[in-house]
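*Asks:* Sequence and predicted structure, then a few things I'm wondering about:
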Amino acid sequence: MGQKLKIAGWVAVGALAGALTTVQLQAVARGALSPLPLEELQQLAAVFGMVKSDYVEPVDEKKLITDAISGMVASLDPHSQYFDKKSFKEFREGTSGRFVGVGIEITMEDGLVKVVSPIEDSPAFRAGLKSNDLITKVDDAPVKGMTINDAVKRMRGEPNTKVVLTVFRRDENRTFPVTITRQEIKTQSVKSKVLEPGYAWLRVSQFQERTVEDFARKLEDIYKQEPKLKGLVLDLRNDPGGLLDAAVALSAAFLPENVTVVTTNGQLEESKASYLAAPRYYLRRSGNDPIQKLTAATKGALKTVPLVVLVNEGSASASEIVAGALQDHKRATVMGSQTFGKGSVQTVRPLGPDTGLKITTARYYTPSGRSIQAKGIVPDVWLDETAEGNLFAALRTREADLDKHLGNGQEKPQSEAEQEATRQREQEREQARLRLEEEQRKNPGGRMLPEFGSDKDFPLQQALNRLKGLPVVASKTATERTTPPVEN
């Protein structure tokens with residue numbers, strides 16, 4: 001079982017990154033609290049006292065309290081979380097798109113770290129690292145045998161400290177050391193390229209504070225190359241979500257002004273809200289609006305350019321907001337597979353300078369009123385992930401697979417046909433697991449699926465065919481996944 005979970009987690013990398021956060025960062029003064037349950041608090045104090053006095057060895061009081069808080073919050077749902085000092089710092093880095101390191105996007109190949117691309121104007125970029133370079137050592141530590149997370153930790157560090165990377169460049173058949181000074185890196189969550197005359201691809205990998213700015217800049221680049229763009233693919237595959245404001249801003253770029261993008265509903269009055277396609281609904285932290293700064297020609301073209309949105313099981317949260325809004329307003333054709341199904345909003349409330357609480361405060365609904373919590377966005381056109389079919393998609397975890405997941409209030413008992421479909425998915429999961437194990441034995445550390453945006457990217461090619469009016473190879477086996485009733 002442990003190995004199965006390990007492999008499933010490997011396939012789902014990106015799908016669960018950042019804890020699938022659609023968040024509103026707020027510091028709100030709470031009103032009067034409801035009366036505290038004194039009897040239960042007395043029990044808690046009694047247990048704390050017994051553990052402190054009777055346990056076999058001394059215990060750390062602060063850790064006991066922290067663990068008690070963490071357990072209380074974790075029991076609610078998979079996305080509520082107590083942040084201690086370390087995890088709060090990491091969370092802030094994740095949503096800000098900033099960290100200290102060398103500035104490269106990496107993957108693993110043959111047990112080594114492969115440079116996918118250096119981040120523009122980063123220390124690695126200035127040091128001359130190139131795509132496809134292989135890193136064999138980080139300082140004196142051989143990379144062979146490390147996990148990708150171990151390698152990342154070694155390359156990150158404090159600002160202005162140095163790290164020596166040993167690089168093998170295959171096209172030059174040489175190995176050489178590169179000394180790089182770590183700096184704060186601003187990640188780019190948006191990539192783009194013109195696929196061929198008249199058609200472009202724009203990928204959003206996560207919704208961070210800089211995403212809207214990067215999105216606007218990439219769009220201007222596209223329209224400079226192709227002023228008469230005939231079709232655009234917005235790629236949200238494996239986008240785990242992020243900031244709600246950024247999702248509203250991106251949706252607004254394509255939609256008519258003032259139409260509904262998303263609504264939220266929760267226990268607090270502030271959680272009952274509608275977000276429209278207008279700047280006042282997404283400019284919450286600054287007055288800077290990159291969307292409004294687009295040229296008039298680009299802004300006008302975005303409202304009408306034929307649009308396909310690519311999604312998969314790893315598209316979650318904020319990316320589902322965008323896909324749902326564009327689908328409901330019939331602004332785009334959604335293609336791919338059923339999305340993750342995270343239709344809840346988390347609010348982060350600081351508890352002090354270094355700690356905080358991320359708590360689920362609302363469900364969100366698409367413009368037509370659909371709750372996709374634990375269900376997901378169902379695509380207009382189903383696609384397999386490769387021409388050979390869905391090789392590993394069955395292994396990817398979705399919201400409905402998570403313990404204690406929040407229901408959407410619309411669950412019904414499964415029919416016999418739906419129960420049979422669930423059993424069939426379990427069989428497919430086992431087959432996919434065995435297939436993945438075999439592929440990993442043949443090619444340790446290698447890429448199992450083509451890179452998004454490459455000429456071997458099967459779903460992207462089908463999206464391009466759709467925009468051109470050419471035949472699309474739709475999936476013959478994919479079906480809508482129903483949501484079983486939530487167990488209380």
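*Replies:* All right, it came through fine. From a predicted model like this one, the values you see are computed outputs, not experimental measurements.

*Asks:* where's Phe215 relative to Gly300, distance?
*Replies:* For Phe215, the distance to Gly300 equals 17 Å [CB to CB, to the nearest Å]. Quick note: C-beta positions are derived from backbone N, CA and C, even for glycine.

*Asks:* If you count surrounding residues, which of these two has more?
*Replies:* Phe215 (24 against 11; other CB atoms under 10 Å).

*Asks:* show me where the stretch 101-250 of the chain has strands.
*Replies:* Assigned by DSSP state E, counting those that start in this stretch, the stretch 101-250 of the chain shows strands spanning 104-109, 112-118, 134-138, 141-142, 162-169, 174-181, 183-186, 190-196, 199-204, 231-235, 242-243.

*Asks:* want to throw the ones you listed into CSV with mean pLDDT?
*Replies:* As requested, the strands of the stretch 101-250 of the chain are arranged in CSV below (pLDDT from 0 to 100):
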stretch, mean pLDDT
strand 104-109, 79
strand 112-118, 82
strand 134-138, 94
strand 141-142, 94
strand 162-169, 95
strand 174-181, 94
strand 183-186, 85
strand 190-196, 96
strand 199-204, 98
strand 231-235, 98
strand 242-243, 87
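
*Asks:* Please identify which of those is closest to Asp380.
*Replies:* Minimum separation from Asp380 across the strands of the stretch 101-250 of the chain (CB to CB) falls at strand 231-235, 13.7 Å.

*Asks:* who does the closest one pair up with?
*Replies:* strand 199-204 (parallel), strand 307-311 (parallel) (DSSP bridges).

*Asks:* Also compute the angle for that strand relative to strand 190-196, please.
*Replies:* Angle, strand 231-235 to strand 190-196, by axes from the mean of the first three to the mean of the last three CA atoms, to 10 degrees: 150 degrees.

*Asks:* Could you export strand 231-235 as CSV, CA atoms only?
*Replies:* Provided in CSV are the C-alpha atoms of strand 231-235 (Å, rounded to 0.1, in the frame of the first residue of the first chain):
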residue,chain,number,x,y,z
GLY,A,231,-7.2,31.1,-32.0
LEU,A,232,-5.8,30.8,-28.4
VAL,A,233,-5.3,27.7,-26.2
LEU,A,234,-5.5,28.6,-22.5
ASP,A,235,-3.7,25.7,-20.7
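
*Asks:* ok, Val115 touching Asp133?
*Replies:* Yes. Taking contacts as CB atoms under 8 Å, Val115 lies within contact range of Asp133: 4.3 Å.

*Asks:* Tell me which of those two has more neighbours.
*Replies:* The neighbour count for Val115 versus Asp133, taken as other CB under 10 Å, is higher for Asp133 (26 against 21).

*Asks:* Nearest to Val472, out of the strands of the stretch 101-250 of the chain?
*Replies:* Proximity to Val472 (CB to CB) singles out strand 231-235 among the strands of the stretch 101-250 of the chain, at 12.8 Å.

*Asks:* Show me what counts as buried in the closest one.
*Replies:* Neighbour-count burial for strand 231-235 flags 231-235 (criterion: 16 or more other CB atoms under 10 Å).

*Asks:* Other residues contacting stretch 449-458?
*Replies:* Contacts to stretch 449-458, defined as CB atoms under 8 Å, 6 or more residues apart in numbering, come from residues 116, 191, 193, 201, 203, 235, 237-238, 383-387, 391-392, 460.

*Asks:* Do a quick rundown of the helices in the stretch 151-300 of the chain.
*Replies:* Remark: helices assigned in the stretch 151-300 of the chain by DSSP state H, counting those that start in this stretch are 211-225, 244-254, 296-302.

*Asks:* In the protein, where is pLDDT below threshold?
*Replies:* 1-34, 94-97, 284-286, 392-398, 403-404, 407-448, 482-488 (pLDDT under 70).

*Asks:* elements contacting the longest strand anywhere in the chain?
*Replies:* For the chain, the longest strand by residue count, based on DSSP state E, is strand 356-365. The contact analysis (3 or more CB pairs under 8 Å, 6 or more residues apart in numbering; DSSP states H and E) places strand 356-365 against strand 22-25, strand 81-83, helix 85-96, strand 260-265, strand 344-350.

*Asks:* what number of residues lie near Phe99?
*Replies:* Phe99: 16 surrounding residues under other CB under 10 Å.

*Asks:* which residues touch it?
*Replies:* Here Phe99 is in contact with 93, 156, 184-185, 187 (CB under 8 Å, 6+ apart).

*Asks:* again, but for Leu307
*Replies:* Contacts of Leu307 by CB under 8 Å, 6+ apart are 231-234, 254, 326, 331-333.

*Asks:* same thing but at 10 Å, please
*Replies:* 202, 231-234, 254, 326, 331-334, 463, 467 (CB atoms under 10 Å, 6 or more residues apart in numbering).

*Asks:* now swap in Arg98 and tell me
*Replies:* Contact analysis of Arg98 by CB under 10 Å, 6+ apart lists 92, 184-187, 208-210.

*Asks:* what's the closest of those to Leu165?
*Replies:* Among the contacts of Arg98, Ile185 lies closest to Leu165 (CB to CB), at 15.0 Å.

*Asks:* Hmm, the closest one is touching Ala124, no?
*Replies:* Yes. With contact defined as CB atoms under 10 Å, Ile185 reaches Ala124; the gap is 9.0 Å.

*Asks:* And the two? Which one has more around it.
*Replies:* Comparing Ile185 with Ala124 by other CB under 10 Å, the one with more neighbours is Ala124, at 25 against 21.

*Asks:* if we look at the sheet, which residues does the residue nearest to Lys272 when sequence neighbours are not counted bridge to?
*Replies:* Leaving aside its chain neighbours, Lys272 sits nearest to Asn265 (5.3 Å; criterion: CB to CB, 6 or more residues apart in numbering). Applying DSSP bridges to Asn265 gives these bridge partners: Arg363.

*Asks:* May I have the residues that are in contact with Asn265?
*Replies:* Applying CB under 10 Å, 6+ apart, the residues near Asn265 are 271-274, 345, 362-365, 371.

*Asks:* repeat for Leu250
*Replies:* 190, 202, 204, 207, 211-212, 215-216, 234, 236, 261, 282, 291, 318-319, 321-322, 325-326.

*Asks:* and the gap between the closest residue to Leu255 other than its chain neighbours and Val322?
*Replies:* For Leu255, ignoring the flanking residues on the chain, the nearest one in space by CB to CB, 6+ apart is Ala277 at 4.3 Å. To Val322, Ala277 is 11 Å away according to CB to CB.
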